[in-house]
Every structure is written in C-alpha cells, then in structure tokens.
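K.L.:
Requesting a structural model of the entry that follows:
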Amino acid sequence: MTSIEDGVSTVRRAWGWMLAYGILLIVVGWFAAFHPIATNLAVGVMLGVAMVFVGAASIIAAFRDFGWQSKLVDVLFGILALLGAFLFLAMPVLSATGLVWAAGIFFIVNGGFELYNGFKSSEDRVFLIVMGIVDLALGIYISTFMPLGAQIVTLALFVGFGFIFRGVILSILAFKVRGLTAKQPGA
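P.N.:
Residues are numbered from 1 along each chain as shown. Alright, predicted model coming up:
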C-alpha cells in the first residue's frame, strides 16, 4: 500500500471517532446550557485552578535575573492572580458571573468604538452608529442592570451553545471526511 492509501485508511477509521466526539460535545453542551449552577461551578473552579498556576508561575518568574521593576510587576501580578484564584475557588458560581460582567464591559468599549467610527466614517455610517448604540445599550444592561440569576443563566447558555456549536460542526466534518474517504479506491 502507498502512503496515500495508508492515510486514507487512517482517516476512514477516524471519522467515527470524530462523530462520537462531536456527539459528546453536543450532549455536554446541552447539559451545560440547561444546568446553569453546575456550569458556573465548573467554570469558576477551572478558572480558579488556572489562576493558581498563573499566580505561582508569575511569582517564580520574578526570581529571574532582570531588573527590579520586572520582579515587582511579576510578584504583584502573581499575588493578584493568587487572590483572584482564592475568590474563584471560594465562590466559584458568583465569581464565574464576573465573566458576564466582563462581556458587558467589552460591549461598552466596542460600542464606543463603533459610534466613534460611525460618526467619523462616510461609508456605512448608519450601520456603524446603530451597531454602536445596540452594543452600548447591551453592555450597559449586562454590566450594571442584569440580575445575578440572569448572569448565571447567560454564562451557562454561552458555554452550552459553544459546546453544541462545536459538536455540530465536528459531526458535519466527520460525515464529510467519511464521504471523501468512501470515494477513494479500495474504500
């Protein structure tokens, strides 16, 4: 057998695993979207653990042979990351909702840039201004007025739909790979 035939044979066997992984992502996404407390708990704990590693690595990096400014920044960042990790691990559900608040801040900043560009631009002016107003209003609502329960549900929906979307795309790709390998000689 040639190397191309070996590759086709390998891909032919792999499409089923791709499909299984896609279906698993869809199931996990469905669970995440409809179990907001569990999803926020998982997100909060994962971010807390990640921040422990980031904080520890930053403090360790402070002991490199660079100037004192670098050491100070690394130590301060490491301490802040460890404090953040403590908060995420002590209150994972409430801390995870901070991601929704951060998304609101992003919408505010993005809306401001869209408004600025809309008033400055001669093309697509109305489109940019409308998008800027929508993003600004959405960001203000998310970051200041959205109730905590809605933030918890919103984060769960974002995580869940992200998994579902990836699972659907991967499943479609698996069937495309299967179709491509079925057309090859010896398939």
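K.L.:
Mind listing residues that contact stretch 149-166?
P.N.:
22, 25-26, 28-37, 39-40, 43, 93, 96-97, 99-101, 142, 146 (Cβ atoms under 8 Å, 6 or more residues apart in numbering). Backbone N, C-alpha and C define where each C-beta goes, glycine included.
K.L.:
Mind doing that once more with 7 Å?
P.N.:
Residues external to stretch 149-166 that are found in contact with it (Cβ atoms under 7 Å, 6 or more residues apart in numbering): 25-26, 28-30, 32-33, 35-37, 39-40, 43, 93, 96-97, 99-100.
K.L.:
mind listing what's buried in it?
P.N.:
151-160, 163-164, 166 (16 or more other Cβ atoms under 10 Å).
K.L.:
Now, those that are in helices?
P.N.:
151-160, 163-164, 166 (DSSP state H).
K.L.:
a markdown table please, covering those residues and showing distance to residue 61.
P.N.:
Output for those, formatted as a markdown table (distance: Cβ to Cβ, whole Å):
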| residue | distance to residue 61 |
| --- | --- |
| 151 | 34 |
| 152 | 35 |
| 153 | 38 |
| 154 | 35 |
| 155 | 31 |
| 156 | 35 |
| 157 | 37 |
| 158 | 32 |
| 159 | 31 |
| 160 | 36 |
| 163 | 33 |
| 164 | 38 |
| 166 | 33 |
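K.L.:
Looking at those residues, which two lie furthest apart in space?
P.N.:
Pairwise distances across those (Cβ to Cβ) peak at 23.0 Å, for the pair 151 and 166.
K.L.:
Output the below-cut-off pLDDT ranges for the protein.
P.N.:
For the chain, the stretches with pLDDT under 70 are 1-2, 5-8, 65-69, 182-187.
K.L.:
For residue 12, which phi and psi angles does the backbone take?
P.N.:
phi -60, psi -40 (degrees, to the nearest 10).
K.L.:
ok, now how distant is residue 122 from residue 133?
P.N.:
19 Å (Cβ to Cβ, to the nearest Å).
K.L.:
neighbour count winner among these two?
P.N.:
The residue with more neighbours, out of residue 122 and residue 133, is residue 133; 14 against 5, by other Cβ atoms under 10 Å.
K.L.:
So that one versus residue 104, what's the distance?
P.N.:
Taking Cβ to Cβ, one finds residue 133 at 15 Å from residue 104.
K.L.:
returning to that earlier point: ok, so of the buried residues of stretch 149-166, who is nearest residue 177?
P.N.:
Using Cβ to Cβ, the buried residues of stretch 149-166 come closest to residue 177 at residue 166, 16.0 Å.
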